[in-house]
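Asker: build the 3D model from these lines:
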Amino acid sequence: MRYLLMLLFLSPSLYSAAEAIKECANVIPEQLRSDLEVHQGNVVDIAVIGGGPAGIAATFGIAHRQRRVALFMGDRPGGQVVGSHMIDNLPATPPQSGPQFIEMLKHRLENEYVMCNEYDPVVSIERRETHGLFYFIITTRSEVSWLAFGVIIATGGEDKRLHVPGEDLYWDKQVFTCVSCASMRARRSKQVYVVGGGDASIDMLIDLLDLVPHCTLLVRAKEMRATPLMQKRIAGDDRITVRYQRTIKHMRGDDESMKELVLVGPDGVEEIVPADCVFLSIGKDPATGWLASLIERDTHIACDADGYIQVDGMGRTSTPCIYAVGDVTLSCHLDHQIDLGMALARVRTVRSILYDLSCEGIFAVAFQRELIPYYCAA
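Answerer: Predicted coordinates:
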């Protein structure tokens, strides 16, 4: 009799559970299901845009929590750090070059079976909504489109230019921002200049001294802003000439090649020096120009006056389910803050986006069960 009473007591609960399972048999709204069918095989929980350390760290954090993620690394896999001669400020890794560091990170992603897309940058993100559920259609330059329920932007920065006469004419011919991309040209040059004064410029000098016998560093200020450790690396090196309070006013030559620079000193006096190769290391601008396409689709991501994406304490942008991390959010940029970008990506932003998507019901068992046939198989 006791068991009969228990059965009668539990029967409403059993019935409710059965009804719930029946109702969950088709939990995906019609519009979303249509988009899932169009993008079958290219569906992920989260898309990470940006292949530098912050983007890779965020991707690893998501994959490590058993969620589907695709990483869009753009035209420069590894981001700015690829140009680093040596990274020695990360306590968990030995000193190594930028390319070695990125290869180590990419190897970790391979072990997590992450879908990495290289040399096919994202050109647009379209935000859609149905029944209170947000998701995104992400299109790359090759016109391949993906569907994701959350987006993390980690596009970093782009090299600044001087914007002086002659710079555009000789750009990528004798004016560069990357030593490895212009090593052959540097080897053929006798008068080589580096413009800058931070850690990155010293990295650049050290790389160039493997290719040329002498380099001149032009520092705009009265002193370098590089850390003492970095300055110590070039102190007393007679292959390097440092000229303070010097700026380039003009790059001159003919249509084929640059011949000389017009420098301006602290007193305004101009000086003409021979030059056949210039490397710029004067900082970065946030890589957010492509976000204009989002505004055209009524998806607004707020940026500050300098173009850096504005985020809250957890990495959220002004648009629900879009987050940002790394240099693209850090207007007070410091050289070699790789460890900071990676830490914020792993700890703050990943936890935040996974929590928010969980609240949206994306990771509910019934919802996930219906998504399985559409997911990307990494």
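Asker: when you work out contacts or count neighbours from here on, use the C-alpha atoms and nothing else.
Answerer: Noted.
Asker: could I get the full set of helices for this structure?
Answerer: Listed in chain order, the helices of the chain (DSSP state H) span residues 2-23, 30-38, 53-64, 98-111, 167-170, 183-187, 199-208, 228-234, 292-296, 338-343, 350-360, 365-371.
Asker: any idea how far residue 351 is from residue 65?
Answerer: Per CA to CA, to the nearest Å, residue 65 is found 10 Å from residue 351.
Asker: just residue 125 next, same as before
Answerer: 22 Å.
Asker: list the contacts for the residue nearest to residue 221 when sequence neighbours are not counted?
Answerer: Excluding the flanking residues, the one nearest residue 221 by CA to CA, 6 or more residues apart in numbering is residue 245, at 4.9 Å. Contact partners of residue 245, counting by CA atoms under 8 Å, 6 or more residues apart in numbering, are 218, 219, 220, 221, 222, 265, 266.
Asker: so how many other residues sit close to the fifth one?
Answerer: Think residue 222. 12 (other CA atoms under 10 Å).
Asker: for the stretch 101-250 of the chain, give me the ranges with low pLDDT.
Answerer: Along the stretch 101-250 of the chain, segments meeting pLDDT under 70 span 181.
Asker: average model confidence for stretch 260-278?
Answerer: Taken as a whole, stretch 260-278 has an average pLDDT of 96.
Asker: buried sites along it?
Answerer: By 16 or more other CA atoms under 10 Å, the buried positions in stretch 260-278 come out as 260, 261, 262, 263, 264, 270, 275, 276, 277, 278.
Asker: and the last one, how far from residue 188?
Answerer: So that's residue 278. Per CA to CA, residue 278 is found 13 Å from residue 188.
Asker: picking that back up, narrow the contacts of residue 245 to those in strands?
Answerer: If you go by DSSP state E, those have 218, 219 in strands.
Asker: could you dump the contacts of residue 245 into a markdown table with distance to residue 133 added?
Answerer: Formatted as a markdown table, the contacts of residue 245 follow (distance: CA to CA, whole Å):
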| residue | distance to residue 133 |
| --- | --- |
| 218 | 54 |
| 219 | 52 |
| 220 | 52 |
| 221 | 52 |
| 222 | 55 |
| 265 | 59 |
| 266 | 59 |
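Asker: closest to residue 249 out of the contacts of residue 245?
Answerer: Taking CA to CA as the measure, residue 249 lies nearest residue 265 of these, at 10.1 Å.
Asker: hang on, residue 48 packs against residue 154?
Answerer: Yes: counting by CA atoms under 8 Å, residue 48 touches residue 154, with 7.1 Å between them.
Asker: which one of the two is surrounded by more residues?
Answerer: Set residue 48 next to residue 154 and count neighbours by other CA under 10 Å: residue 154 wins out with 31 against 27.
Asker: not counting its neighbours along the chain, what's nearest the more buried one?
Answerer: Among residues not flanking residue 154 along the chain, residue 50 sits closest, at 4.6 Å (CA to CA, 6+ apart).
Asker: what separation do you get for the one you found and residue 116?
Answerer: Going from residue 50 to residue 116 by CA to CA gives 11 Å.
Asker: mind listing the shared neighbours of those two?
Answerer: Residues touching both residue 50 and residue 116 (CA under 8 Å, 6+ apart) are 71, 72, 73.
Asker: top of these by number of neighbours, please.
Answerer: The most neighbours, when the shared contacts of residue 50 and residue 116 are compared by other CA under 10 Å, belong to residue 72, which has 27 neighbours.
Asker: residue 324 and residue 266: what is the separation?
Answerer: Residue 324 is 40 Å from residue 266, by CA to CA.
Asker: if you could redo that for residue 165, that was the one I meant.
Answerer: In terms of CA to CA, residue 165 sits 20 Å off from residue 266.
Asker: what is the burial count for residue 27?
Answerer: 14.
Asker: how near is the residue nearest to it when sequence neighbours are not counted to residue 33?
Answerer: Distance criterion CA to CA, 6+ apart; nearest residue to residue 27, sequence neighbours excluded, is residue 367 at 6.2 Å. Between residue 367 and residue 33 the distance is 11 Å, computed by CA to CA.
Asker: now residue 200
Answerer: As judged by CA to CA, residue 200 and residue 33 stand 48 Å apart.
Asker: compare those two (neighbour count), which wins?
Answerer: In this view residue 200 and residue 33 are compared by other CA under 10 Å, and residue 200 has more residues nearby, 24 against 17.
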